[in-house]
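Participant: What follows is a predicted protein model with its sequence.
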Amino acid sequence: MKCPFCGSDDTRVIDSRPADDNTSIRRRRMCDGCKKRFTTYEKVETIPLVVIKKDNSREQYDRAKITAGVLRACHKRPVSINQINELVDEVETEIFNREEKEIPTSVIGEIVMDKLKDLEAVAYVRFASVYREFKDVNTFMDELKKILDK
């Protein structure tokens, strides 16, 4: 493992324990060159997953895209980064539990919206407005009415 500070290949593990989510291992490492410490996470490699986009093009699954979308939806809302990470973990678990090699973005979007609805209503509406491509105020209001009815 390369040191992120000096780039040295001489690093060693000084502590190892399960991460908070129990799906990865948290390792504290120390660089023998610069003596700085850093943390790495080790996860089990899962089956490669291909995402089918709206235009029927395909690309490799990227957790960072889900995280970025949720972060944008939760911008300036009372949602902690831990809550966002937990939500993305739940979405990812649900996606991979399907054990499919390809999954449409529409399925991923619906899973994310379902989780956001329970977490924060404004973030849900923000995400839905981009995901469902609201064309006018009426479609936006229809979505708000659905939330208010529940």
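Facilitator: Everything's here; your move.

Participant: who does the least confident helix or strand in the chain by mean pLDDT touch, helix- and strand-wise?
Facilitator: One helix or strand of the chain scores below all others by mean pLDDT, DSSP states H and E: helix 137-149, with a mean of 75. The contact analysis (3 or more CB pairs under 8 Å, 6 or more residues apart in numbering; DSSP states H and E) places helix 137-149 against helix 121-131. From N, CA and C alone the C-beta is placed, and that goes for glycine too.

Participant: Could I get the CA-only coordinates of the top helix by length along the chain as CSV?
Facilitator: Determined from DSSP state H, the single longest helix within the chain is helix 81-97. Extracted in CSV, the C-alpha atoms of helix 81-97 (Å, rounded to 0.1, in the frame of the first residue of the first chain):
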residue,chain,number,x,y,z
ILE,A,81,-22.5,12.3,6.2
ASN,A,82,-22.9,9.2,8.2
GLN,A,83,-26.6,9.0,7.4
ILE,A,84,-25.8,9.5,3.7
ASN,A,85,-23.2,6.7,3.8
GLU,A,86,-25.7,4.4,5.6
LEU,A,87,-28.3,5.2,2.9
VAL,A,88,-25.9,4.5,0.1
ASP,A,89,-24.8,1.3,1.9
GLU,A,90,-28.4,0.2,2.1
VAL,A,91,-29.0,1.0,-1.6
GLU,A,92,-25.9,-0.9,-2.6
THR,A,93,-26.8,-3.9,-0.5
GLU,A,94,-30.3,-4.0,-2.1
ILE,A,95,-28.8,-3.7,-5.5
PHE,A,96,-26.2,-6.5,-5.0
ASN,A,97,-28.7,-8.8,-3.2
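
Participant: Done for today, thanks.
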